[in-house]
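*Asks:* Predicted model and sequence follow; I will ask about them next.
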Number of protein chains: 2
Amino acid sequence: MAEVTPWEVSGEVDYDKLVAEFGTKKIDEPLSQRMARLAGSQNVMLGRKFFFSHRDMDLVLKDYESGRGFFLYTGRGPSGPMHIGHLIPLLFTKWLQERFKANLYIEITDDEKFVCKREITWGGIQKAAADNILDIAAVGFDPERTFIFKDSEYIRNVYPLMLKVAKKINLTTTKAVFGFNEQTNIGLNFYPAYQIVPTLFEKKRCLIPAAIDQDPYWRIQRDIAESLGYEKTAAIHSKFLPPLTGMAGKMSSSNADTAIWLSDGPKAVRNKVMKYAFSGGQATVDEHRRLGGNPDVDVAYQWLSILFEEDDKKLKALHDDYRAGKLLTGELKQVLVDKINEFLAVHAKKREQAAKHLRKFTHDGKLASAMWEKNFVD
Amino acid sequence: MAEVTPWEVSGEVDYDKLVAEFGTKKIDEPLSQRMARLAGSQNVMLGRKFFFSHRDMDLVLKDYESGRGFFLYTGRGPSGPMHIGHLIPLLFTKWLQERFKANLYIEITDDEKFVCKREITWGGIQKAAADNILDIAAVGFDPERTFIFKDSEYIRNVYPLMLKVAKKINLTTTKAVFGFNEQTNIGLNFYPAYQIVPTLFEKKRCLIPAAIDQDPYWRIQRDIAESLGYEKTAAIHSKFLPPLTGMAGKMSSSNADTAIWLSDGPKAVRNKVMKYAFSGGQATVDEHRRLGGNPDVDVAYQWLSILFEEDDKKLKALHDDYRAGKLLTGELKQVLVDKINEFLAVHAKKREQAAKHLRKFTHDGKLASAMWEKNFVD
């Protein structure tokens, strides 16, 4: 049985069931095309339904069309180095910011990682946070419209607002929504207040691009926001990037072999993909030529489809050739390896450049400096 | 039946029973005299057993004698203006600081007041906090050895340490210790972490002078401190200043008539004491002359005994004359009125002077400025 919570994703996820359970809506074709039209182009992850579910995305677009606008919010839990799966919502968010010229807030949840993990030091988290912020900045957000903040650093500005949020949430709620219990520590139990706070940073509608496991937070937000004088947040949900080893669960830091780290060199990438990527191909070359492969369960094909092959025609050719047995597993994997290595080489360069103007995102840019002046509660 | 929690004190408190229930120790004569000897003088509230209970006060004195020293910590919840009852632990703390030359931390718990009170605005609390800090500074602490901090302002420095503390406390504990339940909001449930943090400000033993209703926090602290590499806090507990209206419960802000505010003028004080102070006297002057009064239940006498008549001989004369019927209720009350008015006149002057060097306590003094540089977790 699949389990999907902000702290664990396991098993084969039935996304239709999740949509029903969580009470979100699937992104249908008209909505997807309306987004593309307003954005001026279609995004691959949206067009291919990797971002598949939403809350109030239609209202976000309405606000955009009316000139009122909206703002973006996403985040990262700095428990260690980042892998490709972590980058996905950020890449999509970058597209949204670029196309809709929206302010963006990126929360680095060092506090949450500290209270939820038993064996982790504060110093270790801070080191990971510094490293992660560089990777995030490398994505190429607008430095004047983006504020990257670490929870422990920004706490003084938001603490009164957090308390206002916290006052609306009781133990019954955190137990029901997150499955907390009597053994849950009071830090983890308080943390949802912080994850909700950035949805209240502006008196506009907030749009959160994130994997669907984060949705429980937004459910609470939507229950309490209006009573606090703010708007219910909107959200746009992605599926999970499958781990190298197969379509169940998600790429996870806890199993290093199943993940491609942003710092992996070309050889490591090749080795991992060749060795671990679950294949939809047949046991022998002969059989493969005769029976063809199954791209639906082939991780290399899936990754190409989600992120790495943006050209629809090329992707279709890979799909058809693989299905027909013309393309072998090793060949398909090599296509992916080349794409990943190209992607990571560019990322490494952008990371180097980002280091030079990092403070724009955290302190000195137009949005960042305004945020350090801000108090949210009178 | 009496109820004693950090949020409510009602009924007639049986202090012996509290000591047994809370697992503290009564201050016996040898301990009281040892304190007086080391202090170089006896304190009225200690000598008269208004401070009556403790945890590890003997170890505090041992640390003092060995030259290791200790530090002091107390606090104030800024829900409104302060009355005389609020001043008691502060006056006693001042004596301790003066005599033992100890650092002192005073926590202004604006966060706790906000999350525990339904109908209170953040702005209202901030106004009360500013006003309260002036009253506290007026007590006359050593400005180089005292740090007065508002929770919401100092949060960034302590947040990692709070999380470390919070990680050690689960819902079972806060329910058992504070009576929290499923309806308790997650802000109030998290707050104990903050009230515990200042006990870890130095790697010495902390001594907390406070009314005994605050003891539940210290019980948790003593359970977890050593596992975090700190010392169990010590505490010295006072009884509650009885309200004007009688010996049950404590002077409370929620019933304005039963309290003497620090801002009350001479006429208001006289009116309240004459009108509301519960009397141990007889119904008529004749009966009083004949039967005498009962100082044990007479609030005017009790207040004189707790705080306002420091001269043991004079107090005894009042006691005996009242008991004998020589002193009438109105006369006894007038003695108290004069004492209170003298006290408040001096306080008002000291408050005015304190306004001028307030920042020493909050930012610029030797201890305060060091605390703003401090981080507690690596």
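*Replies:* Received, thanks.
*Asks:* Stretch A:52-72: which residues count as buried?
*Replies:* Buried residues in stretch A:52-72, defined by neighbour count with 16 or more other Cβ atoms under 10 Å in any protein chain shown: A:52-61, A:63-64, A:69-72. (C-beta placed from N, C-alpha, C; glycine too.)
*Asks:* Please work out how many residues are found near A:Cys206.
*Replies:* 27 (other Cβ atoms under 10 Å in any protein chain shown).
*Asks:* so who does it touch?
*Replies:* Applying Cβ atoms under 8 Å, 6 or more residues apart in numbering or on different chains, one finds that A:Cys206 lies in contact with A:Phe70, A:Phe71, A:Leu72, A:Tyr73, A:Pro198, A:Thr199, A:Leu200, A:Glu231, A:Thr233, A:Ala234.
*Asks:* ok, back up a step: from the buried residues of stretch A:52-72, which land in helices?
*Replies:* When DSSP state H defines the helices, the subset of the buried residues of stretch A:52-72 inside them is A:Met57, A:Asp58, A:Leu59, A:Val60, A:Leu61, A:Asp63, A:Tyr64.
*Asks:* now those residues as JSON lines including distance to chain B and pLDDT?
*Replies:* Below are those laid out as JSON lines (distance: Cβ to the nearest Cβ, whole Å; pLDDT from 0 to 100):
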{"residue": "A:Met57", "distance to chain B": "29", "pLDDT": "98"}
{"residue": "A:Asp58", "distance to chain B": "32", "pLDDT": "98"}
{"residue": "A:Leu59", "distance to chain B": "28", "pLDDT": "98"}
{"residue": "A:Val60", "distance to chain B": "28", "pLDDT": "98"}
{"residue": "A:Leu61", "distance to chain B": "34", "pLDDT": "98"}
{"residue": "A:Asp63", "distance to chain B": "28", "pLDDT": "98"}
{"residue": "A:Tyr64", "distance to chain B": "32", "pLDDT": "98"}
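*Asks:* rewinding a little: dump the contacts of A:Cys206 to a markdown table, plus pLDDT and distance to A:Val377.
*Replies:* Shown next, in a markdown table, are the contacts of A:Cys206 (pLDDT from 0 to 100; distance: Cβ to Cβ, whole Å):
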| residue | pLDDT | distance to A:Val377 |
| --- | --- | --- |
| A:Phe70 | 98 | 22 |
| A:Phe71 | 98 | 19 |
| A:Leu72 | 98 | 23 |
| A:Tyr73 | 98 | 19 |
| A:Pro198 | 98 | 15 |
| A:Thr199 | 98 | 15 |
| A:Leu200 | 98 | 10 |
| A:Glu231 | 97 | 17 |
| A:Thr233 | 98 | 18 |
| A:Ala234 | 98 | 23 |
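*Asks:* Which of those residues sits closest to B:Lys313?
*Replies:* Lowest distance from B:Lys313 to the contacts of A:Cys206 (Cβ to Cβ) belongs to A:Leu200, with 63.1 Å.
*Asks:* measure A:Ser10 to B:Glu342 for me?
*Replies:* Going from A:Ser10 to B:Glu342 by Cβ to Cβ, to the nearest Å gives 72 Å.
*Asks:* For A:Gln42, see how far away the residue minimising distance to the centre of chain A is.
*Replies:* Geometric centre of chain A, nearest residue: A:Pro89, 3.0 Å, by Cα atoms, centre = their mean. Distance, A:Pro89 to A:Gln42, using Cβ to Cβ: 18 Å.
*Asks:* right, and the residue nearest to the centre of chain A touches A:Pro209 too?
*Replies:* Yes. If you go by Cβ atoms under 8 Å, A:Pro89 and A:Pro209 touch, sitting 5.1 Å apart.
*Asks:* Now list whatever residues contact both of these two.
*Replies:* Any residue near both A:Pro89 and A:Pro209 by Cβ under 8 Å, 6+ apart counts here, and that gives A:Thr74, A:Ser238.
*Asks:* residues in the stretch 151-300 of chain A within reach of chain B, list them.
*Replies:* A:152-153, A:155-156, A:159-160, A:162-164, A:166-172, A:174-175, A:180-190, A:192-193 (Cβ under 8 Å from any Cβ of the partner chain).
*Asks:* Drop anything exposed from the residues you listed.
*Replies:* For those, a neighbour count by 16+ other Cβ under 10 Å gives the buried set as A:152-153, A:155-156, A:159-160, A:162-164, A:166-171, A:174-175, A:180, A:184-190, A:192-193.
*Asks:* my guess is the residue nearest to the centre of chain A is in a strand, correct?
*Replies:* No. Residue state for A:Pro89 (DSSP: H, G, I helix; E, B strand; the rest coil) corresponds to helix; a strand is not indicated.
*Asks:* how about it, what does it touch?
*Replies:* With Cβ under 8 Å, 6+ apart, A:Pro89 has these contacts: A:Thr74, A:Pro209, A:Ala210, A:Ala211, A:Ser238.
*Asks:* Distance of it relative to B:Asp312?
*Replies:* A:Pro89 is 73 Å from B:Asp312, by Cβ to Cβ.
*Asks:* Same question for A:Leu315.
*Replies:* 94 Å.
*Asks:* where exactly do the strands run in the stretch 51-200 of chain A?
*Replies:* Using DSSP state E, counting those that start in this stretch, the strands of the stretch 51-200 of chain A run over residues A:51-55, A:70-76, A:104-108, A:146-150.
*Asks:* Please parse chain A into its domains.
*Replies:* Split into domains by automatic domain parsing, chain A comes to A:3-244, A:256-352.
*Asks:* which one of those is the most hemmed in?
*Replies:* domain A:3-244 (a mean of 20; mean count of other Cβ atoms under 10 Å in any protein chain shown).
*Asks:* give the contact list for A:Thr284.
*Replies:* So A:Thr284 contacts nothing (Cβ under 8 Å, 6+ apart).
*Asks:* what's the answer for A:Gln42, then?
*Replies:* A:Ser32, A:Gln33, A:Met35, A:Ala36.
*Asks:* Could you save these as CSV and add columns showing pLDDT, distance to chain B and secondary structure?
*Replies:* Below are these laid out as CSV (pLDDT from 0 to 100; distance: Cβ to the nearest Cβ, whole Å; DSSP: H, G, I helix; E, B strand; the rest coil):
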residue, pLDDT, distance to chain B, secondary structure
A:Ser32, 98, 37, helix
A:Gln33, 97, 41, helix
A:Met35, 98, 35, helix
A:Ala36, 97, 40, helix
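*Asks:* hmm, who's touching stretch A:240-253?
*Replies:* Applying Cβ under 8 Å, 6+ apart, the contact partners of stretch A:240-253 are A:2, A:9-13, A:79-81, A:83-85, A:88, A:211-213, A:255, A:257-260, A:272-273, A:276-278, A:297, A:299, A:302-303, A:306-307.
*Asks:* Which of those residues fall in helices?
*Replies:* Counted as lying in helices by DSSP H, out of these, are A:Ile84, A:Gly85, A:Ile88, A:Lys272, A:Val273, A:Tyr276, A:Val299, A:Gln302, A:Trp303.
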